[in-house]
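Colleague: I would like the atomic coordinates for the input below:
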Amino acid sequence: KQQELTWNNSRTVLEEARLALRAAQTNVANRTKVLLDARRDEEAARQSVRNNFSHYERAVKHFEAVSSSLTSARSTEVAAEEKHSKAETAREEAEANASQSLAASLEANTSRDAQHSSTKSALEFATSVRN
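Modeller: Here you go, the predicted model:
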């Protein structure tokens, strides 16, 4: 009977040990899954950081290109404003020259008309004497 109690106790202890082992194995499996999930999440986070950094680098390059284009456009604008100013000055000079030329032409026409008038009567007299 003592032997049977010892066997029963040993069997009970063995069963409890087996249950504890199964619980520990389940616990290890769960923790292993959690660890694998964490490693997967960590790799995904690293990939996301790499992607974000790549996007950041492209954005910086684009910003630099746009800044360069803007600087170039500003230089072109300044050059265009200078050309416009010179063209405006040339136009004003041309208008002044045209005005002076018109005045000189009008004066020449007036002088020619006066000379024509003064010689017309002498020519008419000379023509009538000749006839």
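Colleague: helices along this protein, start to end?
Modeller: All helices of the chain, identified by DSSP state H, fall at 2-130.
Colleague: from Ser10, how far out is the residue of it most remote from its centre?
Modeller: Each residue of the chain has a distance to the centre, and by C-alpha atoms, centre = their mean the biggest one is for Lys1: 94.4 Å. Distance from Lys1 to Ser10, counting by C-beta to C-beta, to the nearest Å: 15 Å. (Glycine included, C-beta is placed from N, CA and C.)
Colleague: cool, Gln2 as well?
Modeller: From Gln2 to Ser10 the distance is 12 Å (C-beta to C-beta).
Colleague: do the same with Val60
Modeller: Separation of Val60 from Ser10 (C-beta to C-beta): 73 Å.
Colleague: which residue lies nearest the spatial centre of the chain?
Modeller: Short answer for the chain (C-alpha atoms, centre = their mean): Val66, at 3.7 Å.
Colleague: confidence score at that one?
Modeller: pLDDT for Val66: 97.
Colleague: for burial, what's the neighbour tally of Ala17?
Modeller: 10 (other C-beta atoms under 10 Å).
Colleague: contacting residues for it?
Modeller: Residues near Ala17 by C-beta atoms under 8 Å, 6 or more residues apart in numbering: none.
Colleague: how far away is it from Gln2?
Modeller: From Ala17 to Gln2 the distance is 22 Å (C-beta to C-beta).
Colleague: Ala87 now?
Modeller: Taken as C-beta to C-beta, the span from Ala87 to Gln2 is 124 Å.
Colleague: ok, the two, which is more surrounded?
Modeller: Using other C-beta under 10 Å as the criterion, Ala87 and Gln2 rank with Ala87 on top: 10 against 6.
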